[in-house]
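Okay, predicted coordinates and the sequence, questions at the end:
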Amino acid sequence: MLQEDLYTQKEPKQLELRLHGTSDFPCGSYEIRLGTEASEGIAWHWHEETELVYVAEGEVELLLPDLTWKLSVGEGAFIHANVPHSMISVAGNAKIRYIMFHTDLIAGNRESVFQKKYIMPLMSQGSPKGILLSRDLDWEKNILQMMQKTQTALEEKQDGYEWEARQMLSQIWFCLYRHYHNTAGGKSPKRMDEERLHKMLALIEQDYSKPLDLAQIAAAADIGERECLRCFQRTVGTSPLQYLLRYRITQASIMLRETTLPIAEIGLRCGFDSPSHFAQTFRKYFSITPSVYRKSRN
């Protein structure tokens, strides 16, 4: 059976820490439906595994630092490990299927020729943080086909499926390596933005329930407030405090759907100083009150 994975969980750190597959076979296949509301999409996050995404239904918007891609049915993307990204449906519901795997699966060990010659060059600073697979070229279509075959193997789990999945993931990696390994270089301003964003998002995810201001968010990346504002605008397309507010509202909507906590308690847990402030802000994002939202989702 196909496993389902929800990125928008009660505990925002679970995604980064959860094991995809098993310790001796770090690879898993998943499926998720996305809506157009922020709470029904995939919030900004990152993880140690590499991700291969395929759009099965609808159209989605995939956001990476400095990049926004619209993916239609049959299109996909390769997302490097530790790269922040988010996703939402463009119109109506959409369905994506994806594979998460740790590069140790295809490298063997950290001293292997595969790791040194093929894995590291594609993961080095300056290399693409993600690669759009739009079916425009034969090699892109070939990767998309191998992704689907890999998912089938992981879902059906026939004898020897681990070999089959590992072989196809290795072929996918080598195909990407041939087209992109020469793009690696030194640490670029975009790479610096990405590293700073990691630190600031981590602070927000950890302390969103507490009072946070611009100075605290900037300090997490050891930069000034002005540079913090510029970094968020360049990468996420909004201000740090607007991102924090949306993150709080997203977490609140999850609690409204998945818990029976009193609405006032949810507001306090999500960093709002009063029930009226929470209700007013929630209405701005969802056009309805928290209580109406909870009733409509149950």
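Thanks, I have it. The model shown is predicted, which means the values in this text are computed figures rather than measured ones.

Give me the sheet partners of the one helix or strand V53 maps to and which way each runs.
Here V53 sits within strand 50-57, counting by DSSP states H and E. Applying DSSP bridges, strand 50-57 is found paired with strand 76-79 (antiparallel), strand 94-101 (antiparallel).

for those, which one sits closest to L201?
strand 76-79 (15.6 Å; C-beta to C-beta). The way it works is simple: take the backbone N, C-alpha and C, and place the C-beta from them, glycine included.

hey, C-alpha coordinates of the closest one in PDB?
What follows is strand 76-79, C-alpha atoms only, in PDB (Å, rounded to 0.1, in the frame of the first residue of the first chain):
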ATOM      1  CA  GLY A  76       8.100  17.000 -11.400                       C
ATOM      2  CA  ALA A  77      11.200  18.200  -9.600                       C
ATOM      3  CA  PHE A  78      14.300  17.100  -7.900                       C
ATOM      4  CA  ILE A  79      15.000  18.900  -4.600                       C
END
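
List the contacts of the nearest residue to K141 once chain neighbours are set aside.
If the residues on either side of it in the chain are set aside, K141 comes closest to R135, at 5.0 Å by C-beta to C-beta, 6 or more residues apart in numbering. Listed by C-beta atoms under 8 Å, 6 or more residues apart in numbering, the contact partners of R135 are 74-75, 141, 144.

Quick check on those residues: which are buried?
For these, a neighbour count by 16 or more other C-beta atoms under 10 Å gives the buried set as 75, 144.

Mind picking the two most distant members of the contacts of R135?
E75 and K141 (10.2 Å).

tell me the pLDDT at the residue nearest to K141?
Per-residue pLDDT puts R135 at 81.

re earlier: list the buried residues for the helix or strand following the strand holding V53?
Remark: after strand 50-57, the chain's next helix or strand is strand 60-64, criterion DSSP H and E. Buried residues in strand 60-64, defined by neighbour count with 16+ other C-beta under 10 Å: 60-64.

pull the CA atoms of the helix or strand just after strand 60-64 into CSV?
Using DSSP H and E, the next helix or strand after strand 60-64 towards the C-terminus is strand 67-71. What follows is strand 67-71, C-alpha atoms only, in CSV (Å, rounded to 0.1, in the frame of the first residue of the first chain):
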residue,chain,number,x,y,z
LEU,A,67,12.7,30.1,-7.2
THR,A,68,9.0,29.6,-7.9
TRP,A,69,7.9,26.8,-10.3
LYS,A,70,4.4,25.9,-11.5
LEU,A,71,4.1,22.2,-12.1
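
Give me the sheet partners of strand 67-71 and which way each runs.
Partners of strand 67-71 in its sheet, by DSSP bridges: strand 60-64 (antiparallel).

Can you tell me what sits against the strand it pairs with?
Contact with strand 60-64 is made by 34, 44, 53, 68-71, 77, 79, 83-90, 94, 96, 129-130, 236-237, as judged by C-beta under 8 Å, 6+ apart.

What average pLDDT does that strand get?
pLDDT averaged over strand 60-64 gives 92.

chain center to it, what's the gap?
Relative to the centre of its chain, strand 60-64 is centred 9 Å away, using C-alpha atoms, centre = their mean, to the nearest Å.

let's number from 12 now, not from 1
Sure, I'll start counting at 12 from here, so that last one is strand 71-75.

C-alpha coordinates for it, PDB please?
Output of strand 71-75 as PDB, limited to C-alpha atoms (Å, rounded to 0.1, in the frame of the first residue of the first chain):
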ATOM      1  CA  VAL A  71       1.000  23.000  -7.900                       C
ATOM      2  CA  GLU A  72       3.300  25.800  -7.100                       C
ATOM      3  CA  LEU A  73       6.700  24.700  -5.700                       C
ATOM      4  CA  LEU A  74       8.700  27.400  -3.900                       C
ATOM      5  CA  LEU A  75      12.400  27.200  -3.200                       C
END
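
residue ranges for the helices of the stretch 12-161 of the chain, please.
Secondary structure of the stretch 12-161 of the chain (DSSP state H, counting those that start in this stretch): helices at 25-28, 115-118, 124, 131-134, 149-167.
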